[in-house]
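>>> could you work out the structure for the sequence below:
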Amino acid sequence: MRNKIISKVKKFDNTLNLQTTKKADNDGDLMDIARKEVITASPSTPIIEIANLMSQNDIRRIPITDSGSGKLLGIITNMDILDFFGGGQKYNLITGKYEGNFLSAINAPIREIMTNHVKTKTNKDTIIDATAFMLDEDIGGFPVVNSENKIIGVVTEGDIVKKFDKVISDIEVQDVMATDVITTTPGTRIEGITKIMVRNSLRRVPIVGEDPQSKTNEKKLLGFITASDILKYIGDHKLFTKLFSNEGEDVVDVTIDEIMIKDVITVSKYEKLDDVADLMFSSNIRGLPVVDDDTNKVIGIVTIRDLLRSIIN
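Residues are numbered from 1 along each chain as shown. Coordinates of the predicted model:
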């Protein structure tokens, strides 16, 4: 994979200014794009506080570190939180260990659902190393650690895509978009959409249904829901207004038309990926529905992960 990326870079006479070899005594150019101010949490931080941190700071992952040494112990992502709130196996923490007591479960320490074996890179690595790593591991981001396993930065797929904008400038959306699109309706409940996301490894789902303003029964794109939208709902404490009992089902018994994005940004299948990347970064969105120019129907989805993969395809 690494050689494939280097070959692609050389076609641009290295105008991308990417380091192709490591230098033992110096930081790799990965540190040029790594975000140095990293929000971390301790293993004892309650799950609900992690959800709030993600929502308030609009981030998808939080490294978990030892309070004393600062060393990396684990990581938690927004998909782990969704899984816990009703989407997958981590929900068993509520129904099993806490016997359905939702209040106790959301105040459980994050160590109970975090990933312990964290995929990382070091300050000595290069952007090319990181790109190959993310593509090989199919991950959207990772912590950067030093020789003492202490976090010194975080890199996401968006950080990588920004460096490869010239490589993807001539590629069209239709060449990389996913066409097997999973959609749902506005009446789907939060518990249902979290299950759809977790079981299909999706961070965003288009909402399709009949247009209430139209006289026809034709279905169209009505909205868009992301994992971050659901976390924001949780982080804004709106979940507590639904807490009629200790049962988790009461908390997620809300339909997604209450929280979905209604003014949806869409793209055409003919748009170039560098323009799509600019749109994603300026709008702080990492996935966009692709609509047909004539019918305005959803024909695909393009994500920042698709843009990353297009670097080598």
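>>> so what are the domain limits for this structure?
The record's domain split for the chain, according to automatic domain parsing, is 2-156, 173-309.
>>> any chance you could map the strands in the stretch 151-300 of the chain?
151-156, 204-210, 219-226, 287-291, 298-303 (DSSP state E, counting those that start in this stretch).
>>> tabulate these (TSV), appending distance to Val118.
Heads up, the C-betas are built off the backbone N, CA and C, glycines and all. Formatted as TSV, the strands of the stretch 151-300 of the chain follow (distance: least, Cβ to Cβ, whole Å):
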stretch	distance to Val118
strand 151-156	10
strand 204-210	24
strand 219-226	24
strand 287-291	24
strand 298-303	23
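>>> can you add mean pLDDT and distance to Met197 and give those strands back as TSV?
Listed next are the strands of the stretch 151-300 of the chain as TSV, based on pLDDT from 0 to 100; distance: least, Cβ to Cβ, whole Å:
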stretch	mean pLDDT	distance to Met197
strand 151-156	97	19
strand 204-210	93	7
strand 219-226	92	9
strand 287-291	96	12
strand 298-303	96	13
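>>> will you turn those into CSV that also has mean neighbour count and distance to Ile312?
Formatted as CSV, the strands of the stretch 151-300 of the chain follow (neighbours: other Cβ atoms under 10 Å; distance: least, Cβ to Cβ, whole Å):
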stretch, mean neighbour count, distance to Ile312
strand 151-156, 21, 18
strand 204-210, 20, 23
strand 219-226, 20, 26
strand 287-291, 23, 20
strand 298-303, 22, 16
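>>> remind me which residues of the chain are low pLDDT?
Within the chain, the stretches with pLDDT under 70 are 13-14, 87, 212-217, 235-253.
>>> look up how far Thr77 lies from the residue most central in space within it.
Residue closest to the mean C-alpha point of the chain, counted by Cα atoms, centre = their mean, is Arg60 at 5.4 Å. Look at Arg60 and Thr77: by Cβ to Cβ, to the nearest Å, they are 6 Å apart.
>>> what do you get for Val205?
Val205 is 17 Å from Thr77, by Cβ to Cβ.
>>> over to Thr115?
Taken as Cβ to Cβ, the span from Thr115 to Thr77 is 8 Å.
>>> these two: who's more crowded?
Taking neighbours as other Cβ atoms under 10 Å, Thr115 and Thr77 compare with Thr77 leading, 20 against 13.
>>> and the more buried one, what does it touch?
Each residue near Thr77 by Cβ atoms under 8 Å, 6 or more residues apart in numbering is listed here: 60-61, 115.
>>> of all the domains of the chain, which one is nearest Lys166?
domain 2-156 (5.8 Å; Cβ to Cβ).
>>> I'd guessed Ile301 sits against Arg286; true?
No - applying Cβ atoms under 8 Å as the test, Ile301 and Arg286 come out as separate, 11.0 Å apart.
>>> show the contacting residues for Asp278.
With contact set as Cβ under 8 Å, 6+ apart, Asp278 has no partners.
>>> that older thread, looking at the strands of the stretch 151-300 of the chain, which is nearest to Lys272?
strand 298-303 (11.4 Å).
>>> circling back: which neighbours do Ile301 and Arg286 share?
Arg204.
>>> and the helices in the stretch 51-200 of the chain?
78-82, 92, 102-106, 127-137, 157-163, 190-199 (DSSP state H, counting those that start in this stretch).
>>> can I get the ones you listed in a markdown table including mean neighbour count and distance to Thr295?
Listed next are the helices of the stretch 51-200 of the chain as a markdown table, based on neighbours: other Cβ under 10 Å; distance: least, Cβ to Cβ, whole Å:
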| stretch | mean neighbour count | distance to Thr295 |
| --- | --- | --- |
| helix 78-82 | 23 | 32 |
| helix 92 | 12 | 43 |
| helix 102-106 | 20 | 43 |
| helix 127-137 | 21 | 34 |
| helix 157-163 | 21 | 29 |
| helix 190-199 | 20 | 24 |
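>>> of those helices, which is nearest Glu37?
helix 157-163 (13.6 Å).
>>> packing partners of the closest one?
If you count contacts as 3 or more Cβ pairs under 8 Å, 6 or more residues apart in numbering; DSSP states H and E, helix 157-163 packs onto helix 30-33, helix 127-137, helix 273-283, helix 304-309.
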